[in-house]
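> dropping the sequence and predicted coords here.
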There are 2 protein chains.
Amino acid sequence: MWIRHHSLRWLNNLSPVQIIVLFYGFAVLTACILLGLPVAHQDGVTIPFIDLVFTAVSAVSVTGLSVVDISETFSVTGVFLLAFVLQFGGIGIMTLGTMIWILLGKKIGLKERRLIMTDHNQTTFQGMVRLIKQILYLIFIIEFLGFIILGVYFMQYFPTWYEAFYQGLFASISATTNAGFDITGQSLIPYKDDYFVQFIHMGLIVLGAIGFPVLIEVREHLFASSEERKFMRFSLFTKLTTFTFLALIIVGTLVIILLEMNYFFADKSWHEILFYALFQSVTTRSAGLSTMDVNMFTEQTHIFMSVLMIIGASPSSVGGGMRTTSFALVIIFLLTYARGQHRIRIFRREVHDDDLIKAVVVTMFAAMSVFTAVIILTIAEDFSLTQIFFEVSSAFGTTGLSLGITPYLTTVSKVVLMALMFIGRIGILSFLFTFKNEEKKGNYHYPTERIIIG
Amino acid sequence: MWIRHHSLRWLNNLSPVQIIVLFYGFAVLTACILLGLPVAHQDGVTIPFIDLVFTAVSAVSVTGLSVVDISETFSVTGVFLLAFVLQFGGIGIMTLGTMIWILLGKKIGLKERRLIMTDHNQTTFQGMVRLIKQILYLIFIIEFLGFIILGVYFMQYFPTWYEAFYQGLFASISATTNAGFDITGQSLIPYKDDYFVQFIHMGLIVLGAIGFPVLIEVREHLFASSEERKFMRFSLFTKLTTFTFLALIIVGTLVIILLEMNYFFADKSWHEILFYALFQSVTTRSAGLSTMDVNMFTEQTHIFMSVLMIIGASPSSVGGGMRTTSFALVIIFLLTYARGQHRIRIFRREVHDDDLIKAVVVTMFAAMSVFTAVIILTIAEDFSLTQIFFEVSSAFGTTGLSLGITPYLTTVSKVVLMALMFIGRIGILSFLFTFKNEEKKGNYHYPTERIIIG
Ligand SMILES: [K+]
Ligand SMILES: [K+]
């Protein structure tokens, strides 16, 4: 079933990024086959080919945008296969590949290590294998705890323990991988008054989307002796992405409350307002689950949430979008420049110029990808610009929130959204480098000449 | 009438940019007073205060967005006063100030030269006074030629030579300063089949918006002896901005034709299609005049034109927006980066890092300004996102094209548009530096630490 190691040799001429893209392609193909099996469907249900591919891409990229109703389309077998695809896509094909190699006791060579490095954008080779192992342990522990807690708790909602744990398993996987698919047929709306279920879900979503390096570092700190801890510090990456992640959630919550105070929240109690705003803010990081029909929000909230979705989750996480670090660096860069300074300093560290340049490139290409998609969908569809912008942002952020227009899109638009989910999930930089030949630094110079700007 | 030189001494503590902002403020105030005079209005017409301020800001920033119908509101005196304000705003308050000083025979000191330098973003002090003189000569010659040609030609349209030259004068000033105001009551729609009028207008628009340095350099080349010409070359700025300006017009024309082929252009002849598309592409650089009701275009064309308007005209021109050079540098930077190279080379010259950084800053702040304005207008108004985006882009680009919603906006939105016209006209960088204290380069360093991006 798995591609054997010696058969990988022909891949040696490909760059790590090209190999990852290739693997994602394989994953989508596999997902198509699995989800296309007749046994995966409920009796009498057939899925059009484009919708099958769309569901596969959405599942592999853990977006959760859906052109079919999962609960009415897939059988129990189909739901298990879908959960399997989400695991595969969420935790990362490369990570899984590594796990299999580790399980098979194979020694991991440099080429494979570079592969993993690129997938999670890690900048050092050291401890890569150990890292992947830790990631898998952590994710499975998180998912298992989520499964047990939700399974037990769901017994008050469902007639049998089997049904409760079935729901709990899928919910835990969907939340932790930030997949956003649901088998309730209406996301978390059935639990809109159950703050415990929402709280557990938010915990799982954050743990999946905040970035594996953060989890690893926190775990190391927790298990270190007080003596060891003196010499430990959190990396700049962990500090920056955690701060940005939490800041986005808090600012998102406050702004949503502000924008909806006189509209959706007009007749709600303070705890309803808090939980609706908090959950819908958290979910824009990448999860896509929701405790309400987001159509109930006003247009300004839709536009605001679209931007939150474009920003997306941490790098090296199950999420998508332009990522927290790109967003944070660009904002800090602008503030630094506006204050007339040049060196970017965060948490008593300086940011490397190359990282800043990457962040700028990512931001610009994110804007261009989203804009191009919006133009194409505007041509192809009759929906309003806000609806189109929301759906496009959701695809790029691999969030999966929807104003409900995705099932009614033309094939052209579905293909565009698939491309966005792909770009958003593997990351703009990886996507860019896929089309790039060998890095050749031209070593000739022309005279420099100044230009009038803005 | 003019602020005397010795009374300017208290300004010495202000930065050049702050002084320019102050002068723009004075200009708006002056425009308010002039356009608010009872003699400026037609009998029985009164303008609400907010609309008077809006008209003044729109005129000083040569935007042309209007909350009142010029032809039905202002008397002949009012139209002459408006033309005066357009000249003042278009050619630049600083330039005019210099002219007055030159006329008064005063020696221009360093402080005033720095002022002019900042207004037109010039990077060298040399020949500044000579430059301003040349600008004024050139602009007046261009406007005078436009006035004569249009005046004579308009005699076939109007019953008296007085009326023809009155229309010709205002049209020439409005086109050359890219003001976009009209006294026909419906822009250039009366001349939608008169390609000669359109051609002259496009010429005047391009000459005003392509940038003064370009005009000066071309003029020097034209008047140089063949011997001198051997040692002359066009500056990188002139090459880049001219290339970008023309490329935007051509690409704009082609894309508009493409987007409207099956819609507005469906029943048009080839020359109608060409001139409609060409003129509406040219006008997005900054002019805002139009030969049709842009509401007739499809939504996708509105979105596309909005982006063209945000890009705007050349720096050191009568136009606004993020400017051609910022746009070009960012695009070239992205292409260079995608090809794995680092030095940005254009026309056998290298671009200075500082200029690239400026271009990136301008682009980001432009996006943020437009986004913030769109959110506020979405909250305050009931219009569609496309309508709001178009109007906001038009204000930021000081273009003045309109889908017709501006007269119906709430006061909050009018204030937002005024702020955008101001930012778009004086340039994002100048705007940024207004709120910036002394440039202090912190000379301490923290250790550099890498971050995972995108
Ligand atoms: K998702
Ligand atoms: K204009």
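It's in. Residues are numbered from 1 along each chain as shown, chains lettered A, B, ... in the order given. Ligands and ions are numbered 1, 2, ... in the order given.
> in chain A, which residue is most central in space?
Nearest to the mean C-alpha position of chain A, by Cα atoms, centre = their mean, lies residue A:319 at 1.5 Å.
> how close does that one get to residue A:60?
When distance is defined by Cβ to Cβ, to the nearest Å, residue A:319 is 14 Å away from residue A:60. Using the backbone N, CA and C atoms, a C-beta is placed for each residue, glycine as well.
> same check, this time on residue A:399
Separation of residue A:399 from residue A:60 (Cβ to Cβ) stands at 15 Å.
> pick out whichever of those two has more residues nearby.
residue A:399 (35 against 26; other Cβ atoms under 10 Å in any protein chain shown).
> hang on, the earlier thing: where does the residue nearest to the centre of chain A sit: helix, strand or coil?
Reduced to three states with DSSP: H, G, I helix; E, B strand; the rest coil, the structure at residue A:319 is coil.
> and it, what does it touch?
Residue A:319 makes contact with A:62, A:178, A:208, A:209, A:285, A:286, A:312, A:313, A:397, A:398 under the criterion Cβ atoms under 8 Å, 6 or more residues apart in numbering or on different chains.
> turn these into JSON lines, columns for neighbour count and pLDDT.
Below are those laid out as JSON lines (neighbours: other Cβ atoms under 10 Å in any protein chain shown; pLDDT from 0 to 100):
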{"residue": "A:62", "neighbour count": "33", "pLDDT": "91"}
{"residue": "A:178", "neighbour count": "32", "pLDDT": "91"}
{"residue": "A:208", "neighbour count": "32", "pLDDT": "90"}
{"residue": "A:209", "neighbour count": "26", "pLDDT": "90"}
{"residue": "A:285", "neighbour count": "31", "pLDDT": "93"}
{"residue": "A:286", "neighbour count": "34", "pLDDT": "90"}
{"residue": "A:312", "neighbour count": "32", "pLDDT": "94"}
{"residue": "A:313", "neighbour count": "32", "pLDDT": "92"}
{"residue": "A:397", "neighbour count": "34", "pLDDT": "95"}
{"residue": "A:398", "neighbour count": "34", "pLDDT": "93"}
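> pick the one among those closest to residue B:163.
Residue B:163 lies nearest to residue A:397 out of these, by Cβ to Cβ, at 58.7 Å.
> residues contacting that closest one?
Applying Cβ under 8 Å, 6+ apart, one finds that residue A:397 lies in contact with A:284, A:286, A:308, A:309, A:310, A:311, A:312, A:313, A:319, A:320, A:321, A:424.
> what does the first one show for phi and psi?
This points to residue A:284. Residue A:284 has phi and psi values of phi -70, psi -20 when expressed as degrees, to the nearest 10.
> wait, it sits on residue A:310?
No. Counting by Cβ atoms under 8 Å, residue A:284 sits too far from residue A:310 to count as a contact (9.4 Å).
> so which of the two has more stuff around it?
The neighbour comparison of residue A:284 against residue A:310 (other Cβ under 10 Å) goes to residue A:284, with 30 against 25.
> what segments of the stretch 151-300 of chain A are helices?
A:161-176, A:195-209, A:212-223, A:226-229, A:236-260, A:270-283, A:299-311 (DSSP state H, counting those that start in this stretch).
> output the below-cut-off pLDDT ranges for the stretch 301-450 of chain A.
By pLDDT under 70, the low-scoring segments of the stretch 301-450 of chain A are A:430-431, A:433-450.
> pick out the residue of it closest to chain B.
Taking Cβ to the nearest Cβ, chain B has its nearest neighbour within the stretch 301-450 of chain A at residue A:362, 3.7 Å off.
> buried residues in whichever helix or strand that residue is part of?
Assigned by DSSP states H and E, residue A:362 falls within helix A:353-380. Neighbour counts using 16 or more other Cβ atoms under 10 Å in any protein chain shown place A:355-366, A:369-370, A:373-380 of helix A:353-380 among the buried residues.
> how about stretch A:24-40?
For stretch A:24-40, the neighbour count (16+ other Cβ under 10 Å) marks A:24, A:27, A:28, A:30, A:31, A:32, A:34, A:35, A:36, A:40 as buried.
> now what about it, what contacts it?
Identification of contacts with stretch A:24-40 by Cβ under 8 Å, 6+ apart yields A:47, A:52-53, A:55-57, A:59-60, A:74-75, A:77-78, A:81-82, A:84-85, A:88-89, A:93, A:422, A:425-426.
> select only the buried ones of those in ChimeraX?
This is the ChimeraX syntax for the buried subset of the contacts of stretch A:24-40, where burial follows 16+ other Cβ under 10 Å:
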select /A:47,52,53,55,56,57,59,60,74,75,78,81,82,84,85,88,89,93,422,425,426
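> near ligand 1, which of the contacts of stretch A:24-40 show up?
Counting by Cβ under 5 Å from the ion, nothing from the contacts of stretch A:24-40 sits close to ligand 1.
> in strands only, show me the contacts of stretch A:24-40.
When the contacts of stretch A:24-40 are checked against strands (DSSP state E), there are no matches.
> so which strand or helix has residue A:314?
Applying DSSP H and E, one finds residue A:314 in no helix or strand.
> now do the same contact list for it.
Contacts for residue A:314 (Cβ under 8 Å, 6+ apart) come out as A:209, A:210, A:211, A:214, A:241, A:245, A:323, A:324, A:325.
> any of these buried? List them.
Buried subset of the contacts of residue A:314 (neighbour count, 16+ other Cβ under 10 Å): A:209, A:210, A:211, A:214, A:241, A:245, A:323, A:324, A:325.
> which of those residues sits closest to residue A:189?
Nearest to residue A:189, judged by Cβ to Cβ, of the buried ones among the contacts of residue A:314 is residue A:209 at 21.3 Å.
> is the closest one in contact with residue A:317, as I believe?
Yes. With contact defined as Cβ under 8 Å, residue A:209 reaches residue A:317; the gap is 5.0 Å.
> need the overlap of contacts for those two.
A:178, A:286.
> close enough to count as contact, residue A:202 and residue A:279?
Yes. Between residue A:202 and residue A:279 there is a contact under Cβ under 8 Å: 6.4 Å.
> residues contacting the closest residue to ligand 2 within the stretch 101-250 of chain A?
Closest approach between the stretch 101-250 of chain A and ligand 2, counting by Cβ to the ion: residue A:248, at 37.5 Å. Shown in contact with residue A:248 (Cβ under 8 Å, 6+ apart): A:281, A:285, A:308, A:311, A:324.
> quick one on the thing from earlier: tell me which two in the buried residues of stretch A:24-40 are the farthest apart.
It's A:24 and A:40 that sit farthest apart of the buried residues of stretch A:24-40, by Cβ to Cβ, at 21.0 Å.
> can you tell me how far the closest residue to residue A:321 other than its chain neighbours is from ligand 1?
Setting aside the residues directly before and after it, residue A:321 is nearest to residue A:312 in space (Cβ to Cβ, 6 or more residues apart in numbering or on different chains), at 1.7 Å. According to Cβ to the ion, to the nearest Å, residue A:312 and ligand 1 sit 10 Å apart.
> how about residue A:312, what does it touch?
A:285-286, A:319-324, A:396-399, A:424.
> any idea how far residue A:265 is from ligand 1?
Separation of residue A:265 from ligand 1 (Cβ to the ion) stands at 25 Å.
> and that residue, how many neighbours?
Neighbour tally, residue A:265, other Cβ under 10 Å: 20.
> kindly report the same for residue A:272.
Using other Cβ under 10 Å, the number of residues around residue A:272 comes to 16.
> in JSON lines: the helices of the stretch 151-300 of chain A, plus distance to residue B:146.
Compiled in JSON lines, these are given as follows (distance: least, Cβ to Cβ, whole Å):
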{"stretch": "helix A:161-176", "distance to residue B:146": "66"}
{"stretch": "helix A:195-209", "distance to residue B:146": "59"}
{"stretch": "helix A:212-223", "distance to residue B:146": "63"}
{"stretch": "helix A:226-229", "distance to residue B:146": "76"}
{"stretch": "helix A:236-260", "distance to residue B:146": "48"}
{"stretch": "helix A:270-283", "distance to residue B:146": "55"}
{"stretch": "helix A:299-311", "distance to residue B:146": "42"}
